[in-house]
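Enquirer: Let's see this in three dimensions:
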Amino acid sequence: MGRNLPRIINFCQEVSGRQYGSKKSVKWAVGGRCVELKHHKGATMEPREKYKPREIVKTFSRQSRNNLLKMLLSIDYDAMGPPVFFTLTYPGEYSEDPKSWKRDFHSWVTRIAYKHPELCLIWRLEPQKRGAPHFSGFLWGWDELSTSEGREELSRTWYEVVGSGDKKHLRAGTQAILVSGPDRRRQIFYLAKYQSKDKTGNKEEFFPYPVGRYWGVCGRRNLKIKKEVADLSAPIWYKVRRAMRKALEKKTHTRLKSSLGQSENGLWLEMSEKDLFRLLDLYEEDS
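Expert: Okay, here's the model as predicted:
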């Protein structure tokens, strides 16, 4: 063993940092409209970094916005049924402590989830013009919200959790809109983009001080999201990436960086699995 030790050390130094298992793949949401290209660089033999504490969330970052939008676009809305777009607001007087907002919200979710075990929702926190916190999002599993009795229960539960004692807040502190009809999917995607908007339209989408997470999911086990992954050959992967880049540039009217899609985060686009399969079939025939 002693004779081979220098050779083993030299070998380890040579392979240190080398990547293994590098591959290219595509991931799509079954029944949704989210397609992602992935460039898996594989494992390395570099030593693991020490644990780093999580940074304080200071704003609604672009990465967080993308994660929210990808989740909303990945849902199988045909399997989930029509959602309810809800809003929860505070009265004229409210606490400036973000922990109390989250505590109120999660107390409200716990309260209604006890009565509606199939409940699941995706929430978003944003400031109103007056600076007050405002929760909104999509909700499933509370069928009574489509009725006046359900909307009254929504107002009453939020009013009681907040404990404002303001009758105006009881009447106007909540809103529930059922997203249904033949153009339901288009409405959902419009609201999804509204939910994930950032600093655009001359509106500040963040608080002037840290408030923690700006969005989240409750009842995730009841959310219908299924992802499929397929490995692609390099020629087809680059052709698909080129087509997605052109589609994004046309949609955003922006010239994208040439390095886009090189990282493991990859490139993603709003696209149905049907359109993806049609694109892959086209490129497979050409290759």
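Enquirer: Which pLDDT value goes with the residue nearest to the spatial centre of the chain?
Expert: Within the chain, one residue has its C-alpha closest to the average C-alpha position: by CA atoms, centre = their mean, that is residue 68, at 2.0 Å. pLDDT for residue 68: 88.
Enquirer: ditto for the one 10 residues further on
Expert: At residue 78, the predicted lDDT confidence score is 88.
Enquirer: give me the number of residues near residue 284?
Expert: Neighbourhood size, residue 284 [other CB atoms under 10 Å]: 12. Backbone N, C-alpha and C define where each C-beta goes, glycine included.
Enquirer: Kindly provide the whole-number mean pLDDT of the helix or strand where it lies.
Expert: For residue 284, the enclosing helix or strand under DSSP states H and E is helix 273-286. The average pLDDT within helix 273-286 is 83.
Enquirer: if I look at the residue nearest to residue 102 when sequence neighbours are not counted, how far off is residue 132?
Expert: Distances taken as CB to CB, 6 or more residues apart in numbering put residue 212 closest to residue 102, at 6.4 Å, once the chain neighbours are dropped. Here the distance between residue 212 and residue 132 works out to 16 Å (CB to CB, to the nearest Å).
Enquirer: The helix or strand in which residue 176 is found pairs with which strands, parallel or anti?
Expert: With the criterion set as DSSP H and E, the secondary-structure element containing residue 176 is strand 174-178. On the basis of DSSP bridges, the sheet neighbours of strand 174-178 come out as strand 84-89 (antiparallel).
Enquirer: Pull the distance from the partner strand to the chain's centre.
Expert: Offset of strand 84-89 from its chain centre (CA atoms, centre = their mean, to the nearest Å): 18 Å.
Enquirer: I'd like the next helix or strand past it.
Expert: Under the assignment DSSP H and E, the closest C-terminal helix or strand after strand 84-89 is helix 98-115.
Enquirer: Just want the angle from that following helix to strand 174-178.
Expert: With axes from the mean of the first three to the mean of the last three CA atoms, to 10 degrees as the criterion, the two stretches helix 98-115 and strand 174-178 enclose an angle of 50 degrees.
Enquirer: sorry, back to before: show me the contact partners of the strand holding residue 176.
Expert: Strand 174-178 is contacted by residues 82-89, 139, 145-146, 150-151, 154-155, 158 when judged by CB atoms under 8 Å, 6 or more residues apart in numbering.
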